[in-house]
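Visitor: Dropping a prediction and its sequence here:
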Protein chains: 2
Amino acid sequence: MDKPDVGELKPPERVLMGPGPSNANPRVLSAMHTTIVGHLDPSFMDVMDEVQDLLRYTFRTENEWTLPVSGTGSASMEAAFSNLVEPGDTVLVPDNGYFGDRMAKMSRRAGGEVSRVAAPWGEPLDRADFEEALTEVQPDVVGLVHAETSTGVLQSDLPELVDLAHSHDSYVIVDAVTSLAGVPVKVDEWNIDACYSAAQKCISCPPGASPLTLSDRAMDKILSRDTEPRCWYLDLKELETYWGSDRSYHHTAPVTNIFGLREALRVIAEEGIENAWERHHRVSGAFRDGLEEMGLEMNSSDDAWLPTLNAVRVPEGVTDDTILRRLVEEYNIEVSAGLGALEGEIVRIGCMGHSARPQNVLYLANALGDILEDEGVDVDAGAGVAAVSEGLQD
Amino acid sequence: MDKPDVGELKPPERVLMGPGPSNANPRVLSAMHTTIVGHLDPSFMDVMDEVQDLLRYTFRTENEWTLPVSGTGSASMEAAFSNLVEPGDTVLVPDNGYFGDRMAKMSRRAGGEVSRVAAPWGEPLDRADFEEALTEVQPDVVGLVHAETSTGVLQSDLPELVDLAHSHDSYVIVDAVTSLAGVPVKVDEWNIDACYSAAQKCISCPPGASPLTLSDRAMDKILSRDTEPRCWYLDLKELETYWGSDRSYHHTAPVTNIFGLREALRVIAEEGIENAWERHHRVSGAFRDGLEEMGLEMNSSDDAWLPTLNAVRVPEGVTDDTILRRLVEEYNIEVSAGLGALEGEIVRIGCMGHSARPQNVLYLANALGDILEDEGVDVDAGAGVAAVSEGLQD
């Protein structure tokens, strides 16, 4: 219990191109540098309104129940599952990635009876399989992952899957952690009942306050529960006293994170949400085309390509460890390894938010090409970088 | 879903003298302005070690299981209760303030059978009553509030109560939200099994990452649970994979909040924890003496006086609403109203962390005196401010 010898904070300046966090927009960090006010300050009530409006804009929804949950993405995820799933409810969730597994775990803890619908890791759910599972399970609650952060897979037919689930009277919870603000997410148009995300992906805000929106239909289920949700901190009925019209104390909100989220969402609104989607598609598309030109292979099929997270197959002659280590040590670039069934098979390269900029994908393509050539892998680094550059000019 | 019209963030510059948050130390806000790194970055592993060491220093403990929970104070509170309380466990918690009530709610959600030991709001638990309740309930888990944020009461015989609970083989969880780093909290010397706090009180860091420490004995109970804790996000067995020696992914840590907490704890270590306790006692003591000289009355007895939060009785001739409103509007000072049984009876005036400085208590005593005289209350403002000034010079 002596005084620890801890010096000044001097983190390295990384280019964050992993599955998150992405680099925070400097404007966001400045907002987080702002002198704080109390969570019940009259001025903070206005900030709360603004953040809720900005979240609605970003989620493309009119949902009244739209709020930042006081924790990182897993907290908004568990807020959705622990409130919508009641003990004894049947729950159907995907089995094709890490976050479908997490949905299963959270649902079980909420008292749900969980069934799974499987696809190989690295592939989206098959619609016929999903329909079959719906018919068999008749789930009260369905979880769907729009963008699987562990595999870099976009469930591009998500709206059709939501419709199918509704035809079985299920409530649908959608994981938009790696899609919100990076690829189109349209909560109202797609009739999603509950949708959650995180701040540190395409919103480019440090993690700590996490977007969540719920339809009136979902809230009706929550407000008419027979039993209390099992987590007090994430109980949406309780949170409504603070984020709803009462604005009365439930727990202390993370004021600084809310300030940061406000600025990050404001940046998105200034750019325009459609323009943000287009930028991710364009910048990441140029990067992907460049890697393919270099001689690398993407793990996802074209139909399941996720612009915000490219899953690149590890080429012959090198390991993922080597790629990751050299990128960090020699170039200050963070990318990430595969998880679960794809461990060692892929490298996950994010292209999200403030990180999704031409200078970053050019720098990364260049670094990756240099490393692979240096490791003796059969790639054409120059052709790859040139293709990224050309793609960015289109 | 039009773009919300949200302007630049311009919060008022408040002097935060309520029950929390306190003003953040500017060094902490600068640390939170730092470019972020990934939660699995090699450099962040060092930051995690440093924060854990600094937390141990602040808690006065050698506990291996010492970590910041990824949420505000209620999250570290629920992490303690939802992990230590197993379904069917008997739980004894106080009934003399808002946070004892919250302990009861969280324990019930964890599946505990809750009993209460009561004292009037504004008074500490009586030791004989506590002992009687222990004998009657034979609780598996006991919750104790060291400093009741809702009433401004210090349970000054906390170590004796912990010993009593241990003589009944109970596990003791202590709420040190408004005491840690402001008044002596000695986790090891007092044999506390689990102790939680918040960042935004005497640690002077914006809320979002909240201190928690557990003894080996407490962790043994948690690791040998028959059932999983009901909240995945706060499951300490899972969190151990990240905060323990594995450092493997559980959920994305709130990197920026951890940076801030690190700097805030570093400031405390630089001052020296004993000096921090002494400063709170001296500054708040001068303030209390000044208010009494002015003609105001403290709600707590001398024995239960809580230096970090003065509960001042609302004098004849004015309402708490008027005091709060005028302090904010005319002086930019935040203080807070009473809760529950003390609503309308007291004003809660914090004196915590970076807010616990001579200039703040002098300014607040002056403002309060001016307002009360202006409202026609029978006080001697000048004598009060002079007494604060004299007390600060002792």
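Guide: Sure thing, it's come through. Source: prediction; values computed, not measured.
Visitor: Point me to the helix or strand that includes the closest residue to A:M45 other than its chain neighbours.
Guide: Nearest residue to A:M45 in three dimensions, chain neighbours excluded: A:R247, at 5.5 Å (C-beta to C-beta, 6 or more residues apart in numbering or on different chains). Where you see a C-beta, it was placed from the backbone N, CA and C, and this is true even at glycine. Assessed by DSSP states H and E, A:R247 sits outside every helix and strand.
Visitor: A:R247: neighbour count?
Guide: 15 (other C-beta atoms under 10 Å in any protein chain shown).
Visitor: pLDDT score for it?
Guide: Per-residue pLDDT puts A:R247 at 91.
Visitor: swap in A:D394?
Guide: 74.
Visitor: now swap in A:P184 and tell me
Guide: The model reports A:P184 with a pLDDT of 98.
Visitor: now the helices for the stretch 51-200 of chain A?
Guide: A:73-84, A:98-109, A:127-137, A:158-167 (DSSP state H, counting those that start in this stretch).
Visitor: quick one, the one helix or strand A:T213 maps to and helix A:73-84 angle?
Guide: Assigned by DSSP H and E, A:T213 belongs to strand A:210-214. Taking axes from the mean of the first three to the mean of the last three C-alpha atoms, to 10 degrees, one finds that strand A:210-214 is oriented at 20 degrees with respect to helix A:73-84.
Visitor: who does strand A:210-214 pair up with?
Guide: With DSSP bridges as the test, strand A:210-214 is paired with strand A:65-69 (antiparallel), strand A:194-196 (antiparallel).
Visitor: tell me the most buried of the ones you listed?
Guide: Stretch with highest mean neighbour count among the strands paired with strand A:210-214: strand A:194-196 (a mean of 29; mean count of other C-beta atoms under 10 Å in any protein chain shown).
Visitor: Surely A:S76 touches A:S210?
Guide: Yes: using C-beta atoms under 8 Å, A:S76 is in contact with A:S210, at 3.6 Å.
Visitor: list the residues that contact both of the two?
Guide: In terms of C-beta atoms under 8 Å, 6 or more residues apart in numbering or on different chains, A:S76 and A:S210 are both contacted by the residues A:68-69, A:196-198.
Visitor: so can I have JSON lines of these showing pLDDT?
Guide: Shown next, in JSON lines, are the shared contacts of A:S76 and A:S210 (pLDDT from 0 to 100):
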{"residue": "A:P68", "pLDDT": "98"}
{"residue": "A:V69", "pLDDT": "98"}
{"residue": "A:Y196", "pLDDT": "98"}
{"residue": "A:S197", "pLDDT": "98"}
{"residue": "A:A198", "pLDDT": "98"}
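Visitor: Identify, from these, the entry nearest to chain B.
Guide: A:A198 (6.9 Å; C-beta to the nearest C-beta).
Visitor: Ends of stretch A:24-44, what's the gap?
Guide: Criterion C-alpha to C-alpha, to the nearest Å; first-to-last residue distance in stretch A:24-44 is 23 Å.
Visitor: so who does A:R60 touch?
Guide: Taking C-beta under 8 Å, 6+ apart, one finds A:185-189, A:273, B:1 in contact with A:R60.
Visitor: Now do the buried residues in the lowest-mean-pLDDT helix or strand in chain A.
Guide: Counting by mean pLDDT, DSSP states H and E, chain A has its least confident helix or strand at helix A:236-243, which shows a mean of 94. By neighbour count on 16 or more other C-beta atoms under 10 Å in any protein chain shown, the buried set for helix A:236-243 is A:236, A:239-240, A:242-243.
Visitor: Now the phi/psi pair for A:G7, please.
Guide: phi -90, psi -170 (degrees, to the nearest 10).
Visitor: Let me see the confidence value for it.
Guide: What the model reports as pLDDT for A:G7 is 96.
Visitor: and it, how many residues sit next to it?
Guide: Quick note: A:G7 (other C-beta under 10 Å) scores 7 neighbours.
Visitor: how close does it sit to A:E50?
Guide: 38 Å (C-beta to C-beta, to the nearest Å).
Visitor: before we move on, what about A:A218?
Guide: A:A218 is 24 Å from A:E50, by C-beta to C-beta.
Visitor: what about the two, which has more around it?
Guide: The neighbour comparison of A:A218 against A:E50 (other C-beta under 10 Å) goes to A:A218, with 24 against 19.
Visitor: The more buried one contacts A:Y171, doesn't it?
Guide: Yes: using C-beta under 8 Å, A:A218 is in contact with A:Y171, at 5.9 Å.
Visitor: Overlap in contacts, the two.
Guide: Common neighbours of A:A218 and A:Y171 (C-beta under 8 Å, 6+ apart) are A:84, A:193-194.
Visitor: Using TSV, lay out the residues you listed together with distance to B:I222 and pLDDT.
Guide: Shown next, in TSV, are the shared contacts of A:A218 and A:Y171 (distance: C-beta to C-beta, whole Å; pLDDT from 0 to 100):
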residue	distance to B:I222	pLDDT
A:L84	27	98
A:D193	34	98
A:A194	30	98
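Visitor: nearest to chain B, of those?
Guide: Nearest to chain B among these, counting by C-beta to the nearest C-beta, is A:L84 at 14.7 Å.
Visitor: mind listing what that closest one touches?
Guide: A:L84 neighbours (C-beta under 8 Å, 6+ apart): A:141, A:171, A:173, A:193-194, A:218, A:221-222.
Visitor: Name the nearest of those residues relative to A:T308.
Guide: Closest to A:T308 out of the contacts of A:L84 is A:I173 (19.7 Å), distances taken as C-beta to C-beta.
Visitor: what residues does the stretch 101-250 of chain A put near chain B?
Guide: Residues of the stretch 101-250 of chain A lying near chain B by C-beta under 8 Å from any C-beta of the partner chain: A:102, A:105-106, A:108-110, A:188, A:198, A:200, A:206-209, A:228-234.
Visitor: what's the closest of the strands paired with strand A:210-214 to A:T135?
Guide: Proximity to A:T135 (C-beta to C-beta) singles out strand A:194-196 among those, at 22.6 Å.
Visitor: who touches the closest one?
Guide: Under C-beta under 8 Å, 6+ apart, the answer for strand A:194-196 is A:59, A:61, A:69, A:73, A:76-77, A:79-80, A:84, A:171-177, A:180, A:185, A:187, A:210-215, A:218.
Visitor: same deal with stretch A:161-176?
Guide: For stretch A:161-176, using C-beta under 8 Å, 6+ apart, the contacting residues are A:77, A:80-81, A:84, A:92, A:99, A:103, A:125, A:127, A:130-131, A:134-135, A:138-147, A:155, A:158, A:185, A:190-197, A:217-218, A:221.
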